[in-house]
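J.: After the sequence you'll find the predicted model.
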Amino acid sequence: MTEPVYVSETRTAYDTVAESYAEMLKDFLKNATWDRAMITAFAELTGEGPVGDLGCGPGRLTGYLKSLGLDVFGVDLSPEMVAVARRTHPDIRFEVGSIAALDLADGSLAGALAWYSLIHTPPEQLPVLAKELARVLRPGGRLLTAFQVGENVRRRIENAYGHAISADAYRLDVDFMVKLLTDAGFVVEARTVREPGPEYEATDQAYLVARKAG
C-alpha cells in the first residue's frame with residue numbers, strides 16, 4: 001500500500017532537521033512556562049502505567065515526563081529523530097512508528113502525549129488518528145495534545161531550523177478538535193488557548209486535556 005504523500009514529506013522533513021531541531025530546542029522548555037504547566041498537569045492526572053510520547057521528536061519532552069516520574073516511552077515517524085532521542089536519552093525506549101497505526105495493544109496506555117504531532121495530517125484525516133489514540137488508551141486514560149490555532153488552514157513549510165524542506169502543517173480550530181476527540185470517545189476536560197510567544201510563534205497556541213470515556 002502506497003503511503004500518503006503528506007506522510008512521506010513529513011518524515012523526510014523531520015529526518016532533515018533532526019540534529020538542528022534537537023540542538024535549537026534543547027533548552028526551550030526552561031522558559032516555556034505554559035508548556036511546563038500543561039505537561040506537569042497531565043503528568044499529575046495520569047495514573048500508574050505506560051505513557052506514550054507519540055510524535056516524540058528527539059525526546060525532549062519524553063525526558064521531562066520521565067523526570068516527573070512517569071513510565072514513558074517515545075514513538076516518532078522520523079528514524080533520524082528517533083536516533084537522536086536514543087542517543088540523548090539512552091535510558092528511555094524509543095521506536096519508529098506512526099500515530100495512524102500504533103504497534104500497541106488496545107487499552108495499554110495510561111496516558112498519551114500528542115505534542116504538535118497531529119498538525120501535519122490533513123484535518124479530514126484526523127479522525128483516524130483520534131480513534132487510534134482512543135484505542136491504545138485505557139478507560140480513564142489521559143491525552144494531552146497541543147497545536148497552533150487557526151481555521152484548519154494549510155501552510156506550506158519550505159524552510160525550518162536552517163534547512164530547506166517541503167512539508168505541510170495545519171493551524172487547527174479548537175472547536176473542531178474538541179468535537180474530533182469527543183467523537184472518538186474522549187471527554188475533553190480542559191481547553192487552554194494562549195497568545196503567541198513574542199519571538200517564535202505567529203498564532204495562538206492551544207492545549208487540550210482529554211480523558212477516555214468509560
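T.: Thanks, I have the structure now. Everything numeric in this text was worked out from a predicted model, so none of it was measured.

J.: Out of the helices and strands in the chain, which is least certain?
T.: Here the helix or strand of the chain ranked lowest by mean pLDDT, DSSP states H and E is strand 153-160, holding a mean of 93.

J.: ok, and for it, which residues are buried?
T.: Within strand 153-160, the residues that count as buried by 16 or more other Cβ atoms under 10 Å are A160. Bear in mind the C-beta positions are built from the backbone N, C-alpha and C, glycine included.

J.: and if you look at stretch 87-104?
T.: 88-89, 92, 94-95, 97-100, 102, 104.

J.: Just the residues you listed: which are in strands?
T.: 94-95 (DSSP state E).

J.: What about the closest residue to M38 other than its chain neighbours, how many residues nearby?
T.: Once flanking residues are discounted, M38 sits nearest to Y207: 4.6 Å by Cβ to Cβ, 6 or more residues apart in numbering. When neighbours are counted by other Cβ atoms under 10 Å, Y207 registers 22.

J.: if I pick Y207, what's in contact with it?
T.: For Y207, the contact set (Cβ atoms under 8 Å, 6 or more residues apart in numbering) comprises 34, 38, 144-146, 190-194.

J.: at 7 Å what do you get?
T.: 38, 144, 146, 192 (Cβ atoms under 7 Å, 6 or more residues apart in numbering).

J.: Could you list every helix and strand that the helix of greatest length in the chain packs against?
T.: In the chain, with assignment by DSSP state H, the single longest helix is helix 5-25. Counting contacts by 3 or more Cβ pairs under 7 Å, 6 or more residues apart in numbering; DSSP states H and E, helix 5-25 is packed against helix 79-88, strand 163-171.

J.: All set, thanks.
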